[in-house]
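> Everything below, folded, please.
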Amino acid sequence: MVKVVITRDACQKNSLGKNKILSIAVKGHANSAPYGQDLVCAAVSSILTGGANALLEGYEANPNFKVILDEGNALIERTNEIDVSDNQETVLETIAIMLKTIEESYSKFIKIEEKSKN
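Next comes the predicted model:
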């Protein structure tokens, strides 16, 4: 089972009118098929890798995010609250929406929990 925890700021809204995402943590394996054939894991990995690349694009010298992408363990976490662009906020929301889309179709293999933090 892939477990996703999306942590949002309880007080601050982004330009989309949603509470800002502070972090997206992902742990586990879907085990929906044999290793190398697991489409759920492949989809989650692709979403996270592409999203992380988009967040860091152009910010290599001063990244606004801590990114860990290991097998069975991933973290995208805000490191600099002030300098996060609207584009980066949109990328974070897109990652969350894409993961939720996977959960809608494959809820036996992925669970998403949203938390608020002050």
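> for stretch 49-64, what is the average pLDDT?
Computed over stretch 49-64, the mean pLDDT rounds to 85.
> List the neighbours of that stretch that are in contact with it.
Surrounding stretch 49-64, the residues in contact under the criterion CB atoms under 8 Å, 6 or more residues apart in numbering are 65, 67, 69, 76, 78-80, 83-84, 88, 91-92, 94-95, 98. Backbone N, C-alpha and C define where each C-beta goes, glycine included.
> which of those residues are buried?
If you count burial by 16 or more other CB atoms under 10 Å, the buried members of the contacts of stretch 49-64 come out as F65, V67, I76, R78, V84, Q88, V91, L92, I95, M98.
> Which entry within the residues you listed corresponds to the minimum pLDDT?
Comparing pLDDT over the buried ones among the contacts of stretch 49-64 singles out V84 as the least confident position, at 77.
> burial count for the closest residue to that residue other than its chain neighbours?
Spatial nearest neighbour of V84, excluding adjacent residues (CB to CB, 6 or more residues apart in numbering): N64 at 5.1 Å. If you count neighbours by other CB atoms under 10 Å, N64 ends up with 17.
> so where is the protein shaky, pLDDT-wise?
61, 81-83 (pLDDT under 70).
> for this protein, what spans make up the helices?
Using DSSP state H, the helices of the chain run over 39-56, 86-105.
> Just send the ones you listed back as a markdown table, with distance to L22 too.
Converted to a markdown table, these look like this (distance: least, CB to CB, whole Å):
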| stretch | distance to L22 |
| --- | --- |
| helix 39-56 | 13 |
| helix 86-105 | 9 |
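> Nearest to V5 among these would be which one?
The stretch from the helices of the chain with the least distance to V5 (CB to CB) is helix 86-105; that distance is 10.8 Å.
> what's around the closest residue to R8 other than its chain neighbours, how many residues?
By the measure of CB to CB, 6+ apart, the closest residue to R8 outside its immediate chain neighbours is N19, 4.0 Å from it. Residues contacting N19 under the criterion other CB under 10 Å number 17.
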